[in-house]
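A.B. asks: what follows is a predicted protein model with its sequence.
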Amino acid sequence: MNRVYDDERLAGAYERGNEMPEASLRAWVELIASYVPRPSPAIVEIGAGTGMFSAAMARWIGGSSVLAVDASEPMLAEARRHHPHPAVRYMSGAAENVPAPSDAFDVAFLSRVIHHLPDRPRAARELARILRPGGVVIIRTTFRERLDAVVYDYWPQLRSADERRFPGEAELLADFATAGFAVREVASFAQPVTASLRDYHSRLIHRPQSKFASLTPEQFHEGLQRLAAAARAEPVEQQVPVIERYDVAVFCRR
């Protein structure tokens, strides 16, 4: 996984800059829960970051237990600080080598992490190992063919970088088919991430996502200025939530 996440500054900024309105987070957890194969599931989140989704799944998926795995110790420190929960264990580990026995989980969840994995086929085989028969993998990502994030409006250089980093839909489906998974569904899901462009600008000031590391300081500042100008132009009485859309790929272990 990209070692940029070992940066303590990024870990702190990530927690502040990637939070989600509770209604949006709950909507995502309800979507995840709709794929859960049985009550009181054992869940593993790979690339759990600062723990927002792990804690939310433990809160809102009844009877669940969650193993939250991340390769970054600074991210795990932020997770333990901000999102402790009695049903969540935070543990260091990688997608290709999950610190868990075989047939241990009903659900594996990966949010905005699949493009960081250096060996997706190996990670898919590892997920097949740790999931029980009938278990599901839920991947929250954006496929290369559908890069449409608001952030590209202000930092257009990021689109070409993400075209190189993100997998295409066919590639990802092939990786998991080879590992013994059947495709259950490929869907699209969108939720508000901030109440306005002003709020969106405030969250991006501290470069809270790894993709910003590909920009020079000048490029980042220019994009931030474009975003600030758009935020100032938005009438206070007509503020519109900023929506982020993701592709959701769901696989079932045969």
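C.D. replies: Great, that's in hand.
A.B. asks: only C-alpha atoms from now on, for both contacts and neighbour counts.
C.D. replies: Fine.
A.B. asks: so the closest residue to Gly51 other than its chain neighbours, which state does it fall into?
C.D. replies: Spatially, and ignoring its direct neighbours in sequence, Gly51 is nearest to Ala79 (4.7 Å; CA to CA, 6 or more residues apart in numbering). State at Ala79, reduced to three classes by DSSP: H, G, I helix; E, B strand; the rest coil: helix.
A.B. asks: burial measure for Ala79, as a count.
C.D. replies: Per other CA atoms under 10 Å, the neighbour tally for Ala79 reads 24.
A.B. asks: the one 3 residues further on now?
C.D. replies: Using other CA under 10 Å, His82 is surrounded by 14 other residues.
A.B. asks: report how many residues lie close to the closest residue to Asn97 other than its chain neighbours.
C.D. replies: Of all residues not flanking Asn97 in the chain, Glu126 sits nearest, at 6.7 Å (CA to CA, 6+ apart). For Glu126, the number of neighbouring residues by other CA under 10 Å comes to 18.
A.B. asks: tell me the contacts of Glu126?
C.D. replies: Taking CA atoms under 8 Å, 6 or more residues apart in numbering, we find Glu126 in contact with Ala95, Glu96, Asn97, Val98.
A.B. asks: and which of those is nearest to Ala231?
C.D. replies: Among the contacts of Glu126, Ala95 lies closest to Ala231 (CA to CA), at 38.2 Å.
A.B. asks: wait, what's in contact with the closest one?
C.D. replies: Taking CA under 8 Å, 6+ apart, we find Ala95 in contact with Ile46, Gly47, Leu117, Ala123, Glu126, Leu127.
A.B. asks: for Pro84, which three-state class applies?
C.D. replies: What three-state DSSP gives for Pro84 is coil.
A.B. asks: do I have it right that it meets Ser54?
C.D. replies: No. The criterion here is CA atoms under 8 Å, and Pro84 misses it with Ser54 at 9.5 Å.
A.B. asks: more crowded one of the two?
C.D. replies: For Pro84 versus Ser54, neighbours defined as other CA under 10 Å are more numerous around Ser54 (30 against 16).
A.B. asks: distance of that one relative to Val137?
C.D. replies: With distances taken as CA to CA, to the nearest Å, Ser54 is found 15 Å from Val137.
A.B. asks: all helices of the stretch 151-254 of the chain, in order?
C.D. replies: 157-165, 169-178, 197-204, 217-233 (DSSP state H, counting those that start in this stretch).
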